[in-house]
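Asks: Give me a 3D structure for the following:
(chains A and B)
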Amino acid sequence: MLSKRIIPCLDVRDGLLTKGIKFQENIDLGDPVAAAKRYYEEGADEIVFYDITASAEGRGIFLDVVENVAKSIFIPFSVGGGLSSVAQMRDVLLAGAEKVSINSSAVRDPKLISQGAEAFGSQAVVLGLDAKKVPVTELIPSGYEVVINGGRVPTGKDALAWAVLAEKLGAGEICLNSIDADGTKDGYELNITKMIAQNVRIPVIASGGAGKPEHLYDALSQGQASAALIASIVHYNQYAMRELKEFLRAKGLPVRIV
Amino acid sequence: MLAIIDYQAGNQTSVKRALDHLGIPSQITSDPKVLMKALGLIFPGVGAAGQAMKVLSKSGLDRVMIELTSQGRPMLGICLGCQIMLEYSQENDTQTLGLFPGQTVMFPDNLLDFDQRPIRVPHMGWNTVAFKKRSPLWENLEPTDQFYFVHSYYPNPAKELILGVTWHGQDFCSVYGREGLWALQFHPEKSGRPGLTILKNFFRHCLEGEKNLAK
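Replies: Have a look, this model is predicted:
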């Protein structure tokens, strides 16, 4: 039986870890390679790196980080943040990541999804989708709008319609992040998670809002997500990976405990 | 030395990194001379069957692989490699290597998962393998160990070849082969400790074969 995945997300800036709360007020945490190793050993099913570096120099440092991670952990990991061309996607995949996650750039140019899928296979292309709750309108019938640039810029696009289109274009997975829930620790936004999971066949990763183990359970059962992204709930030793998995197993979900 | 067959199909460097980590000497190559000298071959692959077969037949690597494995050279197929060791793949309607009788088929779309909801395709993530027959590959593994899968098609070889079975809405063959010629649908190089254990087991088998030859 396929296990539900628990995926720690590590934000990296200039080659160092940060932890973004509500995409602002970032604080430095340390070495991303050391953190990745720790999560690998503790039984993370996958790791996501999100590069928030702005400078070209920082991006070079980040590729070195990706290479070092690839030598140190033997589970899949993905890389996102500012990737806007097939060439940039190729750089991180060659450095050793299994998957790339594209977000704002795919909204601006949806062809990027199909080009990426064609060049590297659908399994390597994750659509990062930031959704924000809005009033239901004709343009946004799901009541969730796609927002870009870290949640700052509304696009006028319906989140559900975008997810369905991304699957058609060749995305292999959707990482759905709720801008409203992100950083709140009040739980994932189950409504849109479930809506999207029911309307695509590819796996959906729930993101944003994890504060306690029950939240993960809710996203993976009621929310119908295949995986849950977590950050501060494990970054500050509030819960151990194993503790989260044991909780989910006791609730009847298939998980992998190492 | 193990030769990782290079046919521009993706994950050869991750396989190499895993072998490096284990201290197992290896080389990524498409050179038949290097393949002939190797203790064993690893046939990796990510991508589509059609494109892979085009590259393999254009380069002549298909014939080299058939030749070397028929002489008893150990080989481990991974993911796409595992699928195209059979005769035919539904993916791109492709004739494949035919090292074993059987076909690669797509997951049917009417299957239900444990929670009675439709299964997701690709089958992406961690799953167990029920060991159906004894194999040197299983050494030091536990039945609860999980492996990392990512695929939309699965191998359906002749029944007597099945070594391991996995459940995703239905049982499907996740490991098959015979002594020294094995195929894994999952990615051992991305499956943490149990995956690395399988790579070690394969290398040990290659070393033992070499010793027997020397005798």
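Asks: Now B:S174: closest residue in space that isn't a chain neighbour?
Replies: Residue nearest to B:S174 in three dimensions, not counting chain neighbours: B:T166, with 4.0 Å by Cβ to Cβ, 6 or more residues apart in numbering or on different chains. The C-beta positions use only the backbone N, C-alpha and C, and glycine is treated the same way.
Asks: Contacts for the strand or helix carrying that neighbour, please.
Replies: B:T166 belongs to strand B:162-167 when assigned by DSSP states H and E. Residues outside strand B:162-167 that contact it (Cβ atoms under 8 Å, 6 or more residues apart in numbering or on different chains): A:1, B:127-133, B:135, B:137, B:149, B:171-177, B:182, B:185-186.
Asks: Low-confidence regions, the chain specifically.
Replies: Unless you meant another one, I'm taking chain A. A:19-29, A:54 (pLDDT under 70).
Asks: you looked at the wrong chain, it should be chain B
Replies: B:10, B:214-215.
Asks: Would you tell me which helix is longest in it?
Replies: helix B:192-214 (DSSP state H).
Asks: That one packs against which elements?
Replies: helix B:12-22, strand B:40-43, strand B:146-151 (3 or more Cβ pairs under 8 Å, 6 or more residues apart in numbering or on different chains; DSSP states H and E).
Asks: Report the contact partners of A:V92.
Replies: A:V92 makes contact with A:L63, A:V66, A:V79, A:L83, A:V100, according to Cβ under 8 Å, 6+ apart.
Asks: Would you list the buried entries among the contacts of strand B:162-167?
Replies: Buried residues within the contacts of strand B:162-167, counting neighbours by 16 or more other Cβ atoms under 10 Å in any protein chain shown: A:1, B:127-129, B:132, B:135, B:137, B:149, B:172-177, B:182, B:185-186.
Asks: Report how many residues lie close to the residue nearest to B:G209 when sequence neighbours are not counted.
Replies: Distances taken as Cβ to Cβ, 6+ apart place B:P74 nearest to B:G209, at 6.0 Å, with adjacent residues excluded. Summarising burial for B:P74: neighbours were counted as other Cβ atoms under 10 Å in any protein chain shown, giving 24.
Asks: tell me the SS of the closest residue to chain B within the stretch 151-258 of chain A?
Replies: As assessed by Cβ to the nearest Cβ, chain B sits closest to A:R256 within the stretch 151-258 of chain A, at 4.5 Å. State at A:R256, reduced to three classes by DSSP: H, G, I helix; E, B strand; the rest coil: coil.
Asks: So it is in contact with A:E46, correct?
Replies: No: with contact defined as Cβ atoms under 8 Å, A:R256 does not count as touching A:E46 (10.6 Å).
Asks: Surely A:A36 is within a helix?
Replies: Yes: applying three-state DSSP, one finds A:A36 inside a helix.
Asks: Helices of the chain, start to end?
Replies: Answering for chain A, as no chain was given. Under DSSP H, chain A gives helices at A:32-42, A:56-72, A:86-94, A:104-108, A:111-120, A:159-169, A:190-199, A:213-220, A:232-235, A:241-250.
Asks: actually it's chain B I care about, not the one you picked
Replies: Taking DSSP H, the helices of chain B run over residues B:12-22, B:32-37, B:49-59, B:61-70, B:80-84, B:192-214.
Asks: Most distant residue from the centre of chain B?
Replies: B:Q116 (30.1 Å; Cα atoms, centre = their mean).
Asks: So the closest residue in space to B:R120 that isn't next to it in sequence versus B:N201, what's the distance?
Replies: With sequence-adjacent residues excluded and distances taken as Cβ to Cβ, 6+ apart, B:R120 is closest to A:P203, at 5.2 Å. As judged by Cβ to Cβ, to the nearest Å, A:P203 and B:N201 stand 30 Å apart.
Asks: neighbour-wise, which of those two wins?
Replies: The neighbour count for A:P203 versus B:N201, taken as other Cβ under 10 Å, is higher for A:P203 (23 against 20).
Asks: quick one: the residue nearest to B:R120 from A:D182, how far?
Replies: A:P203 is 20 Å from A:D182, by Cβ to Cβ.
Asks: Now do the same contact list for A:R13.
Replies: Per Cβ under 8 Å, 6+ apart, neighbours of A:R13: A:N26, A:D51, A:I52, A:T53, A:G58.
Asks: And for A:P32?
Replies: A:P32 sits next to A:L10, A:V12, A:G15, A:L16, A:L17, A:F49, A:V65, A:V69 when contact means Cβ under 8 Å, 6+ apart.
Asks: rerun that using 6 Å as the cut-off
Replies: A:P32 sits next to A:L10, A:V12, A:L17, A:V65 when contact means Cβ atoms under 6 Å, 6 or more residues apart in numbering or on different chains.
Asks: Would you mind putting the residues you listed into TSV with neighbour count and distance to B:V34 alongside?
Replies: TSV is the format used below for the contacts of A:P32 (neighbours: other Cβ atoms under 10 Å in any protein chain shown; distance: Cβ to Cβ, whole Å):
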residue	neighbour count	distance to B:V34
A:L10	24	38
A:V12	25	38
A:L17	22	41
A:V65	24	32
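Asks: taking those one by one, which sit in strands?
Replies: Among these, the ones falling in strands (DSSP state E) are A:L10, A:V12, A:L17.
Asks: So what sits opposite the last one in the bridge?
Replies: Going back to what we said before, that points to A:L17. Assessed by DSSP bridges, A:L17 has beta-bridge partners A:V12, A:G30.
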